[in-house]
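In: I would like to see how this sequence folds:
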Amino acid sequence: MSQAAVPQSGAPHLTLTGVAKSYAGVWVLKDVSFSVEAGQVVALVGENGAGKSTLKNILCGLVAPDAGTLTVAGTTFQRLTSDDARRLGIGAIHQELSLFPNLSIAENVHIGVGTLPTRFGLIQAAMMREQSLRLLGDFLEGGFEPNRLVETLSLGERQLVEVAKALHRASAMLIFDEPTTSLSVRERKRMFDVVRRLRASGYGIIYITHFMEEVFALADKVVVLRDGRVVGGGTPTTLTPAQLATMMAGRELAAIDTDLAAHPDRSDAAAAPVVLRTRHLSDASLLRDVTFDLHAGEVLGLAGLMGAGRTEVAQAIFGINPATGDVEVEGSPFLHRSPESAKARGLALVSEDRRADQVFAARSVYENLSSTILRELRQALGLLSRTRQRQRAADLAREYGVRHPGLDAPMAALSGGNQQKCIIARWLATSPTVCILDEPTKGIDVGAKAEIHLLISRLAANGLGVLLISSDLPELLALSHRILVMHKGGIVGALERSQFDPGRIVGMASMGKAA
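Out: Purely as a prediction, here's the structure:
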């Protein structure tokens, strides 16, 4: 991690003036102006689709702006190339992982940096390993082997490799795009420490996040984007979370919060019929004796640190991964589990990694919305009716508030929040009895998050059983009727709503003991 190009703290390292970008005549950025000083953390916030990713890509040299200028370290550019960005010491940790699974950690950290450590024309693997160990040492306390293949890492560990990769190439400025989304509480705190150390050493940092607590914990300055424009900002000392949320959304969120609060707490959930029951669910690698009941109309939260086994529970129930033990749906044994039979039994699964598991990015919005109910949309001779398919998709988009540029647009054109609403709508079209939501609001903006919270509450009020897996503790506390806490593959405790306490849950998740 070279320090040679890091400017003195207090000097404006980056200044954007009137930056604009359009696609097919639609402006995604317009007249964006702000600066980032050396030794300063600027939080860039806004709803999905506000233009944050486009701005990041412009600064990384991946996209050329249509107007405006970029001044970096005293030199003004009409646009940056990727070579310019590398030469100027600008690096980015992208939200979507860009690693090569079949290569080692050390190889991934060094790819794209420019010059690999060589001697007599041969790559020096030992030097690569040593440099990778030093970079990764900022995040993990030993036990992280640089020769390990990336495909063997968890999602959170892969994110750490992305950070090390960016640090290897960046000498003056870093752009963090939702860097903590997949990290555990412990890893998130270590990430905060790294950001603070980089700031102290003179790095200019643009920190893109949806987590309000991160803005107020790390930022020196806040810039709010909405519909491609800078609509406000300030500092953590001059802004409140409510003011920031309103700036981001462009509308008061109080109405959504009021609607959510209006739904009564289901204190009678335990008396309702059991719609999902597991007994002694175990697998060959992690899960051990997972046993619980989910009732109709109940939101059952599943808490735990990364790697505790929460996603593995969902995958075992849904038949994605093999597991021993018993599963019952509405009182009947669920044997020979598979995703197809799970859907037929009234189960729905919104998985943690929507991009990898559930989004058909190049296919149209209407195809994505209707993909779970194609059999219902057949006409004579068993052929799919495109008319019925488009109409059903339009109905689902309207019912679940999916904002889109057109039903024929590719799914990739939707913001993360609208992609998530599309996936939830697709599964609800099957009229499930149980809905398993794995990190349903990960990586989405504050407005979409509030809308999904309200939707979850309404689903439960209408009798759906919801298994809610989330690393967002306030989310679990707000929505759940009960919370199960997992540690190292097992359930270590169950809390009724009257027992909810953040410190207690974190202690159970980290120590593996009921508190």
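
In: all contacts plus neighbour counts: C-alpha atoms, from now on.
Out: Noted.

In: Next up, the contacts around Asn147.
Out: Listed by Cα atoms under 8 Å, 6 or more residues apart in numbering, the contact partners of Asn147 are 104-106, 129.

In: so where does Leu335 fall, helix or strand?
Out: Mapping Leu335 onto the secondary structure by DSSP states H and E places it in no helix or strand at all.

In: Touching, Ala348 and Ala342? I think so.
Out: Yes - counting by Cα atoms under 8 Å, Ala348 sits close enough to Ala342 to count as a contact (7.5 Å).

In: the more surrounded of these two?
Out: Here Ala348 and Ala342 are set side by side on neighbour count (other Cα atoms under 10 Å), and the busier one is Ala348, at 25 against 21.

In: So in that sheet, which strands flank the helix or strand hosting the more buried one, and in what orientation?
Out: When secondary structure is defined by DSSP H and E, Ala348 falls within strand 347-350. Sheet partners assigned to strand 347-350 using DSSP bridges are listed as strand 434-438 (parallel).

In: Report the angle between whichever helix or strand comes after the strand it pairs with and strand 434-438.
Out: Elements were assigned by DSSP H and E; along the chain past strand 434-438, the next helix or strand is helix 446-461. Using axes from the mean of the first three to the mean of the last three Cα atoms, to 10 degrees, the inter-axis angle of helix 446-461 relative to strand 434-438 is 150 degrees.

In: gap between Ser431 and Asn368?
Out: Using Cα to Cα, to the nearest Å, Ser431 is found at 17 Å from Asn368.

In: Compare those two (neighbour count), which wins?
Out: More neighbours sit around Asn368 than around the other of Ser431 and Asn368, counting by other Cα under 10 Å; the figures are 23 against 14.

In: tell me the contacts of the more buried one?
Out: 359-360, 411, 422-423, 426.

In: repeat that for 10 Å
Out: Neighbouring residues of Asn368 by Cα atoms under 10 Å, 6 or more residues apart in numbering: 358-362, 393, 407, 410-411, 419, 422-423, 425-426.

In: Just the buried ones from these?
Out: Restricting the contacts of Asn368 to buried positions leaves 358-361, 393, 407, 410-411, 419, 422-423, 425-426, with burial counted as 16 or more other Cα atoms under 10 Å.

In: quick one: the helices in the stretch 301-450 of the chain?
Out: Secondary structure of the stretch 301-450 of the chain (DSSP state H, counting those that start in this stretch): helices at 310-318, 339-344, 354-357, 365-370, 386-399, 416-428, 446-461.

In: Any idea how far the third one is from the middle of the chain?
Out: Going back to what we said before, that points to helix 354-357. In terms of Cα atoms, centre = their mean, to the nearest Å, the gap separating the centre of helix 354-357 from the centre of its chain is 11 Å.

In: Run through who's touching it.
Out: For helix 354-357, the surrounding residues in contact (Cα under 10 Å, 6+ apart) are 96, 350-351, 360-361, 412, 416, 419-420, 423, 438-440, 442.

In: export those to JSON lines and tack on distance to Leu286 and pLDDT?
Out: Converted to JSON lines, these look like this (distance: Cα to Cα, whole Å; pLDDT from 0 to 100):
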{"residue": "Glu96", "distance to Leu286": "26", "pLDDT": "69"}
{"residue": "Val350", "distance to Leu286": "21", "pLDDT": "92"}
{"residue": "Ser351", "distance to Leu286": "18", "pLDDT": "89"}
{"residue": "Phe360", "distance to Leu286": "30", "pLDDT": "87"}
{"residue": "Ala361", "distance to Leu286": "31", "pLDDT": "84"}
{"residue": "Ala412", "distance to Leu286": "34", "pLDDT": "86"}
{"residue": "Gly416", "distance to Leu286": "30", "pLDDT": "80"}
{"residue": "Gln419", "distance to Leu286": "30", "pLDDT": "89"}
{"residue": "Gln420", "distance to Leu286": "28", "pLDDT": "88"}
{"residue": "Ile423", "distance to Leu286": "28", "pLDDT": "92"}
{"residue": "Asp438", "distance to Leu286": "18", "pLDDT": "93"}
{"residue": "Glu439", "distance to Leu286": "19", "pLDDT": "90"}
{"residue": "Pro440", "distance to Leu286": "23", "pLDDT": "89"}
{"residue": "Lys442", "distance to Leu286": "23", "pLDDT": "80"}
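
In: Show the buried residues in the residues you listed.
Out: Taking 16+ other Cα under 10 Å as the criterion, what is buried in those is 350-351, 360-361, 412, 416, 419-420, 423, 438-440, 442.

In: Pipe the residues you listed into JSON lines and attach distance to His168 per row.
Out: Conversion of these to JSON lines gives the following (distance: Cα to Cα, whole Å):
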{"residue": "Val350", "distance to His168": "35"}
{"residue": "Ser351", "distance to His168": "32"}
{"residue": "Phe360", "distance to His168": "33"}
{"residue": "Ala361", "distance to His168": "31"}
{"residue": "Ala412", "distance to His168": "30"}
{"residue": "Gly416", "distance to His168": "28"}
{"residue": "Gln419", "distance to His168": "33"}
{"residue": "Gln420", "distance to His168": "33"}
{"residue": "Ile423", "distance to His168": "36"}
{"residue": "Asp438", "distance to His168": "33"}
{"residue": "Glu439", "distance to His168": "30"}
{"residue": "Pro440", "distance to His168": "32"}
{"residue": "Lys442", "distance to His168": "27"}
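
In: quick check, nearest of those to Lys52?
Out: The shortest distance between Lys52 and any of the buried ones among the contacts of helix 354-357, using Cα to Cα, involves Gly416 and amounts to 12.1 Å.

In: right, and that closest one touches Gly447 too?
Out: No - counting by Cα atoms under 10 Å, Gly447 is not a contact partner of Gly416; they are 11.6 Å apart.

In: residue ranges with poor pLDDT in the stretch 101-250 of the chain?
Out: Applying pLDDT under 70 to the stretch 101-250 of the chain flags the ranges 112-124, 138-143, 155-156, 182-184, 249-250.

In: So which residues of it form strands?
Out: Applying DSSP state E, counting those that start in this stretch to the stretch 101-250 of the chain gives strands spanning 118-119, 122-123, 173-177, 204-208, 221-226, 229-234.

In: Show me the one of the ones you listed that comes nearest Asn462.
Out: Per Cα to Cα, nearest to Asn462 of these: strand 221-226, 34.0 Å.

In: That closest one pairs with which strands, parallel or anti?
Out: Sheet pairing here is set by DSSP bridges, and for strand 221-226 it gives strand 40-45 (parallel), strand 229-234 (antiparallel).

In: Please identify the most buried of those.
Out: Scoring the strands paired with strand 221-226 by mean neighbour count under mean count of other Cα atoms under 10 Å gives strand 40-45 as the most buried, with a mean of 26.

In: ok, and for the following helix or strand past that strand, which residues are buried?
Out: Sequence-wise, the next helix or strand beyond strand 40-45 is helix 52-59, with elements assigned using DSSP H and E. Buried residues in helix 52-59, counted by 16+ other Cα under 10 Å: 52, 54-59.

In: one step back: I'd like the strands paired with strand 221-226 as TSV, with distance to Glu475 appended.
Out: Formatted as TSV, the entries for these read as follows, by distance: least, Cα to Cα, whole Å:
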stretch	distance to Glu475
strand 40-45	20
strand 229-234	26
